[in-house]
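Participant: sequence? don't have it. structure:
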């Protein structure tokens, strides 16, 4: 396997993409980092990478992106937390332009590896309507009934990837991320996910002295949240494996949103009065990752405790909130 060729990371200006570029550079790889956002808006900007601003929804941009590339990590996607994806289904669906144009450009391109970042949103909503949710198994994706918009786009792109592998022999790996969180990501503006939003709200309560917080829904909806370091490790392990089917990359430590607030409030050392907004977007009632297959295939699964990851995330977001108040 050739390991001296350039690695392409799409969506490199995003949260997970920025952490992935850092990992690849630390491993001594040459990295071409591409994102549609201006460089000043990238969450991480690594000088050692070849940083490119380009819109991969256009075929010509994809053709330029893959020149002399030996491996691809495809994370580019216009997405966000529940507040974004429930109100922007069209924007989420047209992400498929990136997937189709990039894969089409790669039809006759020899690669050592191709990783596609999918999501737990591909799983049927009917399996996620109870708070005491059983872990979602990879096989549960079919019969298909994914989340409208973002879930359908990702499930369709999974099929594109697997068909590309079958027809052209591309060594494609598909990872289904479950609620990745951590520092150096979106923490305000409407695209942030629950851990970042709650860390920001708690930090604001501490800094303003107004010890109150609003929570979307009744707070009893359940999720599992994976710290970004685990997500990057799982991505690298899966990409370097021989696994040919989609694989969950997520924590199996399930918590309610109220429980998430409890943890962050304890980290911050503050008691908060809570208001529940039942009209706000809430997503499915319960979601967790079944890690049976990843343990069997890779001998590994995400294991960083939620409390430990939230301590690092809260510290980073608190500093950002404080800086913006100064």
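Facilitator: Perfect, I can see it now. Nothing here was measured: the structure is a model prediction, and the numbers come from that model. Numbering: from 1, shown residues only.
Participant: got the contact list for the helix-or-strand element of the chain with minimal mean pLDDT?
Facilitator: Within the chain, no helix or strand scores below helix 82-85, which has a mean of 80 by mean pLDDT, DSSP states H and E. If you take Cβ atoms under 8 Å, 6 or more residues apart in numbering as the criterion, helix 82-85 is touched by 79, 92, 121, 147, 149-150, 190-191, 193-194, 216, 280-283. Just so you know, the C-beta spots here come from the backbone N, C-alpha and C atoms, and that holds for glycine as well.
Participant: run the last query once more with 7 Å
Facilitator: Applying Cβ atoms under 7 Å, 6 or more residues apart in numbering, the external contacts of helix 82-85 come out as 79, 92, 149-150, 190-191, 281-283.
Participant: now stretch 66-78
Facilitator: Under the contact criterion Cβ under 7 Å, 6+ apart, stretch 66-78 has outside partners 2, 5-11, 14, 16-17, 20, 32, 56, 91-92, 95, 98, 102, 105-106, 109, 111-117.
Participant: Report the buried residues of that stretch.
Facilitator: 66, 69-78 (16 or more other Cβ atoms under 10 Å).
Participant: Stretch 286-298 too?
Facilitator: So stretch 286-298, judged by 16+ other Cβ under 10 Å, has buried residues 286-291, 293-294, 297-298.
Participant: what's the closest of the buried residues of stretch 66-78 to residue 154?
Facilitator: For those, the minimum distance to residue 154 (Cβ to Cβ) is 8.2 Å, reached by residue 77.
Participant: Tell me, what's the model's pLDDT at the closest one?
Facilitator: pLDDT, residue 77: 95.
Participant: From residue 71, how far out is the nearest residue to residue 168 once chain neighbours are set aside?
Facilitator: Nearest residue to residue 168, sequence neighbours excluded (Cβ to Cβ, 6 or more residues apart in numbering): residue 107, at 5.5 Å. Using Cβ to Cβ, to the nearest Å, one obtains 16 Å as the distance from residue 107 to residue 71.
Participant: and if you look at residue 248?
Facilitator: According to Cβ to Cβ, residue 248 stands 22 Å off from residue 71.
Participant: Filter the contacts of stretch 66-78 down to the buried ones and express that as a PyMOL selection.
Facilitator: In PyMOL, a selection of the buried entries from these looks like this (16+ other Cβ under 10 Å):
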select buried, resi 6+7+8+9+10+11+14+16+17+20+32+56+91+92+95+98+102+105+106+111+112+113+114+115+116+117
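Participant: Which of the contacts of stretch 66-78 fall within strands?
Facilitator: The strands, defined by DSSP state E, take in 6-10, 32, 113-117 from the contacts of stretch 66-78.
Participant: Once you drop chain neighbours, what's closest to residue 33?
Facilitator: residue 12 (3.3 Å).
Participant: Look at residue 2 and report its pLDDT.
Facilitator: Looking at residue 2, the pLDDT reads 46.
Participant: Where do the strands of this structure begin and end?
Facilitator: 6-10, 31-35, 50-53, 69-74, 113-119, 172-177, 180-181, 212-216, 222-224, 226-227, 247-249, 254-256, 273-277.
Participant: Quick one: distance of stretch 220-229 to the chain centre.
Facilitator: Distance of stretch 220-229 from the chain centroid (Cα atoms, centre = their mean, to the nearest Å) equals 11 Å.
Participant: Okay, buried residues for it please.
Facilitator: Applying 16+ other Cβ under 10 Å to stretch 220-229 flags 221-229 as buried.
Participant: Could you do stretch 240-247 as well?
Facilitator: Here stretch 240-247 shows 243, 246-247 as buried, counting by 16+ other Cβ under 10 Å.
Participant: avg pLDDT for that stretch?
Facilitator: 97.
Participant: returning to what we had before: gap between the residue nearest to residue 33 and residue 307?
Facilitator: 30 Å.
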